[in-house]
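S.K.: test case, fold it:
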Amino acid sequence: MPNPTAPPHIHFDANAILRYLRFDISSQANAVEGRLIQARAGRLIIHIHPLVLAEVIFVLKSNYSQPREKIVSKMV
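M.R.: Residues are numbered from 1 along each chain as shown. Below you'll find the predicted structure:
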């Protein structure tokens, strides 16, 4: 049986991560930042599938021409 006191779990998709990293749609970036703040405070658990990270890296490199070093610094 699930623990009723455990924080809720959510999954981030590539769009959420890209909006946060690029801050190109501020309302979405702010929403993601709010979730990150909740997670840092222990009120929320965020899951990110490795394939989502791969998609984010691909999009940053191919669509936004981000150099590898900049991508790495954003992802760490």
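S.K.: for I25, give me the pLDDT.
M.R.: The model reports I25 with a pLDDT of 96.
S.K.: apologies, that question was intended for R40.
M.R.: pLDDT, R40: 97.
S.K.: how close does it sit to I46?
M.R.: Per C-beta to C-beta, to the nearest Å, R40 is found 10 Å from I46. (C-beta placed from N, C-alpha, C; glycine too.)
S.K.: quick one: list the elements packing against whichever helix in the chain runs longest.
M.R.: Longest helix of the chain, by residue count under DSSP state H: helix 26-40. Helices and strands touching helix 26-40, by 3 or more C-beta pairs under 8 Å, 6 or more residues apart in numbering; DSSP states H and E, are helix 14-22, strand 45-47.
S.K.: any idea which of the ones you listed is most buried?
M.R.: Highest mean neighbour count among these (mean count of other C-beta atoms under 10 Å): helix 14-22, with a mean of 19.
S.K.: export it as PDB, just CAs?
M.R.: C-alpha atoms of helix 14-22 as PDB (Å, rounded to 0.1, in the frame of the first residue of the first chain):
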ATOM      1  CA  ALA A  14      11.800  17.300 -22.600                       C
ATOM      2  CA  ASN A  15       9.600  20.300 -23.100                       C
ATOM      3  CA  ALA A  16       9.500  21.200 -19.400                       C
ATOM      4  CA  ILE A  17      13.300  21.000 -19.200                       C
ATOM      5  CA  LEU A  18      13.800  22.900 -22.400                       C
ATOM      6  CA  ARG A  19      11.500  25.700 -21.300                       C
ATOM      7  CA  TYR A  20      13.300  26.000 -18.000                       C
ATOM      8  CA  LEU A  21      16.800  25.900 -19.500                       C
ATOM      9  CA  ARG A  22      16.000  28.400 -22.300                       C
END
